[in-house]
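S.K.: Mind folding the following:
(one chain, ligands or ions: 1)
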Amino acid sequence: MAHSAAAEIAARAPFLADLDRAHLHPLWDRYKRITPMQPRPLDTPFHWPWRETEALLHRAVAEVAIDDIERRALIMSHPCFGEETATTGTMLGAFTVLDPGEQARPHRHTGAAIRFAVQAEGAATIVDGRWCEMRTGDLILTPPMAWHGHINPSNHRIIWFDAANMPLLRALNAHFFEPGDPNNNDFWRVDQGDEKLWRAAGLAVADASAGTTHSPKFHYPGDVTRQMLSEATVGADGARMLRYVNPATGGAVMATLDCYAARFSKGVETRARRGAYSMICLVVSGSGRSTIGDKTFEWSQHDVFTVPPWSWASHKAIDGDADLFIVSDKVVFERLDVLREEMQ
Ligand SMILES: [Fe+2]
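M.R.: You can find the predicted model right below:
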């Protein structure tokens with residue numbers, strides 16, 4: 001005799017209650033949630049206009065003394081992550097501001113981070129005993145457990161863009177942090193050090209020990225990036241795209257963060273692409289419009305926007321060519337052998 005669905009559910013209720021008391025869940029009523037057909041990111045595409053962020057960065061200098069804090073940075077926090085303070089599910093993006101003479105004291109951590117010089121001419125980041133000058137468009141890596149500090153010896157206020165993978169490491173409970181000695185002045189008395197050895201693409205010192213976990217080169221000058229963008233061939237999607245690579249392996253610069261530079265030609269809409277990974281996009285120059293998932297943003301210089309996992313994204317430069325700096329967790333998906341990408 002056939003039971004109604006409601007009667008069946010009612011008949012099972014005592015069993016389900018016993019399972020719950022034993023901290024056991026039945027797979028059959030939740031497998032679609034546990035094993036979704038495709039990624040279901042918590043976050044939507046999001047956009048932080050520079051005109052709002054910039055004003056608040058200047059206020060941060062007025063309101064918060066650098067001596068009182070480890071870093072004077074404002075993190076772009078997607079509202080869907082609440083108190084988690086994350087820009088995407090795996091990464092955070094931020095801007096740091098330092099006045100002349102200020103320094104952000106040394107520390108190190110298992111989190112991987114990068115700096116991209118926005119208005120940072122004359123500032124420097126010291127990474128593992130190497131003095132890395134920051135000029136417009138420079139990328140500087142701070143690999144996991146590399147000691148790093150920042151200093152502004154110039155005579156003007158500087159701002160740079162930061163990105164790091166703390167949300168990913170917190171999800172893995174893999175974050176360790178060590179403060180440096182704030183009174184160790186020797187930390188700041190360094191020159192370029194071994195950075196010189198990795199200056200030229202395609203040349204390495206014979207027998208140099210580069211390791212394989214992250215790039216031995218920490219400093220990627222912006223003038224070289226801009227030159228290469230102007231000479232690179234246009235990709236299948238209609239954009240010029242460069243990947244910052246570890247010169248010893250040809251792969252991503254770090255095990256968990258992957259950086260790209262993109263140039264869009266004026267008026268050319270790129271073919272929509274999507275990937276399993278997420279991206280934080282910083283507008284380096286120019287202005288344009290992006291359609292990401294079901295949202296469309298108009299952006300201009302120093303705006304930041306995100307592309308969540310598995311979201312179709314296409315871009316178009318409006319007034320002239322436009323350049324983006326993109327930081328992504330794509331390399332994590334490569335390493336885990338779960339990378340998927342598509343183009344329309
Ligand atoms: Fe740091």
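
S.K.: All the strands of the stretch 101-250 of the chain, residue numbers only.
M.R.: Using DSSP state E, counting those that start in this stretch, the strands of the stretch 101-250 of the chain run over 103-109, 113-119, 123-127, 130-134, 139-142, 148-151, 158-164, 177-179, 219-220, 240-243.

S.K.: looking at those strands, which is buried most?
M.R.: Ranked by mean neighbour count, the strands of the stretch 101-250 of the chain are led by strand 139-142 with a mean of 26 (mean count of other CB atoms under 10 Å). Placement of C-beta: from N, CA and C, glycine included.

S.K.: Direction included, what does it pair up with?
M.R.: Using DSSP bridges, the strands paired with strand 139-142 are strand 113-119 (antiparallel), strand 219-220 (antiparallel).

S.K.: Can you show me the CA trace of the lowest-mean-pLDDT helix or strand in the chain as CSV?
M.R.: Lowest on mean pLDDT, DSSP states H and E among the helices and strands of the chain sits helix 31-34, with a mean of 86. Provided in CSV are the C-alpha atoms of helix 31-34 (Å, rounded to 0.1, in the frame of the first residue of the first chain):
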residue,chain,number,x,y,z
TYR,A,31,24.0,15.5,-1.3
LYS,A,32,23.0,18.2,-3.7
ARG,A,33,24.2,20.8,-1.3
ILE,A,34,27.3,18.9,-0.3
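
S.K.: pLDDT (mean, whole number) over the following helix or strand past that helix?
M.R.: Next in sequence after helix 31-34, counting helices and strands by DSSP states H and E, comes strand 47-48. Strand 47-48 shows a mean pLDDT of 98.

S.K.: do the same with stretch 225-236
M.R.: Rounded mean pLDDT across stretch 225-236 is 96.

S.K.: What lies in contact with that stretch?
M.R.: For stretch 225-236, the surrounding residues in contact (CB atoms under 8 Å, 6 or more residues apart in numbering) are 137, 139, 240-242, 261-263, 265, 271, 323, 343.

S.K.: any chance of those in TSV, plus distance to residue 290 and pLDDT?
M.R.: Output for those, formatted as TSV (distance: CB to CB, whole Å; pLDDT from 0 to 100):
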residue	distance to residue 290	pLDDT
137	20	97
139	22	98
240	16	97
241	15	97
242	19	98
261	16	98
262	11	98
263	14	98
265	15	96
271	13	98
323	14	98
343	15	96
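
S.K.: Distance to residue 63 added to the residues you listed, as a markdown table?
M.R.: Putting the contacts of stretch 225-236 into a markdown table (distance: CB to CB, whole Å) gives the following:
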| residue | distance to residue 63 |
| --- | --- |
| 137 | 29 |
| 139 | 29 |
| 240 | 41 |
| 241 | 39 |
| 242 | 38 |
| 261 | 34 |
| 262 | 35 |
| 263 | 37 |
| 265 | 42 |
| 271 | 45 |
| 323 | 32 |
| 343 | 45 |
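
S.K.: Just name the closest of those residues to residue 281, please.
M.R.: Using CB to CB, residue 262 is the member of those that lies nearest residue 281, at 8.1 Å.

S.K.: Just the C-alphas of the helix or strand encompassing that closest one, formatted as PDB.
M.R.: Using DSSP H and E, residue 262 maps to strand 258-264. These are the backbone C-alpha positions of strand 258-264, laid out as PDB (Å, rounded to 0.1, in the frame of the first residue of the first chain):
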ATOM      1  CA  ASP A 258      49.000  34.400  -9.100                       C
ATOM      2  CA  CYS A 259      49.400  37.800 -10.700                       C
ATOM      3  CA  TYR A 260      48.600  39.100 -14.100                       C
ATOM      4  CA  ALA A 261      48.700  42.400 -16.100                       C
ATOM      5  CA  ALA A 262      46.000  43.000 -18.700                       C
ATOM      6  CA  ARG A 263      45.600  45.700 -21.400                       C
ATOM      7  CA  PHE A 264      42.200  46.200 -23.100                       C
END
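
S.K.: so how far is the helix or strand following that strand off the chain centroid?
M.R.: Note on strand 258-264: by DSSP H and E, the next helix or strand toward the C-terminus is strand 273-275. Here the centre of strand 273-275 is set off from its chain's centre by 17 Å, with CA atoms, centre = their mean, to the nearest Å.

S.K.: can you check stretch 199-210 too?
M.R.: Averaging C-alpha positions (CA atoms, centre = their mean) puts stretch 199-210 26 Å from its chain's average.

S.K.: neighbouring contacts of that stretch?
M.R.: Identification of contacts with stretch 199-210 by CB under 8 Å, 6+ apart yields 197-198, 216, 224, 246-249.
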